[in-house]
Each structure stands twice: as structure tokens, then as C-alpha cells.
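**Student:** My questions are about this predicted structure, shown below with the sequence.
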Amino acid sequence: MRTLISSAFISLDGVVEAPGGEPGYRNSGWTFKDIDFVPEAFEIKGREQEEATAMLLGRVSYQAFSPVWPDMADFARYRTLPKYVVSTTLTDDDLVSNWGETTILRSIDEVAALKETEGGPIIAHGSAALNQALSDAGLIDRYHLLVYPLLLGAGKRLFSSTDKDAQKLKLVEHEAYSNGLQKQVFDVVR
């Protein structure tokens, strides 16, 4: 079974919406406004690219990343990885042609089936609604969180408000940085 890793920039109050400046959110771009850049805090991002064997995205994140990431040197390794986009509305004609192999999955059940295939870790970036559905379905195995010392209030959150049994996490890696960011890596305890 493949490991599914959820990777997120997250505020202390759980918001993951528009960290990179995506339009339509009042605090858009919060990961780089008033936060000093400390390179070592982002070491995990390079490691994710090296360790991942596939990338999983929701439609909204795919549509935000696919026009930009294929040409960015910082994300060069992702060009070579197979990508899976969970969407009920995208068609193959909506996919970009310069970002390598991309497959559209239509349901969380198809993500569960993907996890059962041979291969290494699958990294899920962004995709708030997808992350909530994956978490609620018990499909996420690990969280890579860069927690920002911000309270953003309203906004899309990483975790759903579904009434469910407690889910135990095991902290397997952590570090605090001079700019207030915290790296927190949790394994989901089954």
C-alpha cells in the first residue's frame, strides 16, 4: 500500500486558503507577507519532491498550480512525476500539456484504489476540500505541516468539522524556526 502524505502551509488557526496569493481571499499571500524568509524552514519541500513518486491534487489546486509550476525551477522534479487530479468536472482537454502524465480521478474511492497500487509515496498539495474528504475517509497516512504564526480567522481549513471519532497522530519530526514557523510532521496512528 502506498503512503499518502498531505503537505500544507497552515495558519495557527487551521486556515490553508490562498497561501501563495491566489485571488479572492482577503488574506491572500499570507505565507510571504510580514514573515521573514528562513530557507531552512522549507527544506521539507525539497525532500517531498525527492521522496514522492506521484502527486495528488484537487481541481482548484490543479487549476492554480498547473499554469505556473511546470516552468518553475523550484518544482522541476514534479514535472517528471505522474499527477492525479480528483475532479468530477475536469476533462482531459482541461489538462495542461507541459506537466507530464496526468490522470483524472472521479472519486475518493478511486484515490483509495490508487493507494493500493505498487509504488512509493503520493504527495497531496493544497486542495483543502480534497484533504478534508481524504482525512474523513481515513486515507491520509502522514501530514507535513508548516505552521505559520498567524491567526487568519475565516478561510478554508485543512481539517473538516465532521463529527467523528478522535484520530490519534504521532509527532515524528518537528522544528521551530527564527521567524516563528514550525515544521510539524505527524503520522496517522491506525
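**Tutor:** On my side now, so go ahead.
**Student:** What's the separation between the most centrally placed residue in the chain and residue 166?
**Tutor:** Note on the chain: the residue nearest the mean C-alpha position is residue 125, at 2.2 Å, using Cα atoms, centre = their mean. Counting by Cβ to Cβ, to the nearest Å, the gap from residue 125 to residue 166 is 26 Å. Yep, even glycine has a C-beta here, placed from its N, CA and C like the rest.
**Student:** got it, and residue 53?
**Tutor:** Taking Cβ to Cβ, one finds residue 53 at 31 Å from residue 166.
**Student:** again, but for residue 49
**Tutor:** From residue 49 to residue 166 the distance is 32 Å (Cβ to Cβ).
**Student:** For residue 148, give me its contacts.
**Tutor:** The contact partners of residue 148, by Cβ atoms under 8 Å, 6 or more residues apart in numbering, come to 9-12, 30-31, 35, 180-181.
**Student:** which SSE is residue 103 in?
**Tutor:** strand 102-105 (DSSP states H and E).
**Student:** isn't the residue nearest to the centre of the chain right up against residue 9?
**Tutor:** No - counting by Cβ atoms under 8 Å, residue 125 sits too far from residue 9 to count as a contact (9.6 Å).
**Student:** Can you show me the helices along the protein?
**Tutor:** Using DSSP state H, the helices assigned to the chain run over residues 43-51, 59-65, 108-115, 128-136.
**Student:** nearest to residue 158, of those helices?
**Tutor:** Closest to residue 158 of these is helix 128-136 (Cβ to Cβ; 5.6 Å).
**Student:** Export that closest one to CSV, keeping only CA atoms.
**Tutor:** Output of helix 128-136 as CSV, limited to C-alpha atoms (Å, rounded to 0.1, in the frame of the first residue of the first chain):
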residue,chain,number,x,y,z
ALA,A,128,-8.4,21.9,1.1
ALA,A,129,-11.7,20.2,0.1
LEU,A,130,-9.9,17.1,-1.1
ASN,A,131,-7.8,16.9,2.1
GLN,A,132,-10.9,17.1,4.2
ALA,A,133,-12.5,14.3,2.2
LEU,A,134,-9.3,12.2,2.3
SER,A,135,-8.9,12.7,6.0
ASP,A,136,-12.6,11.9,6.7
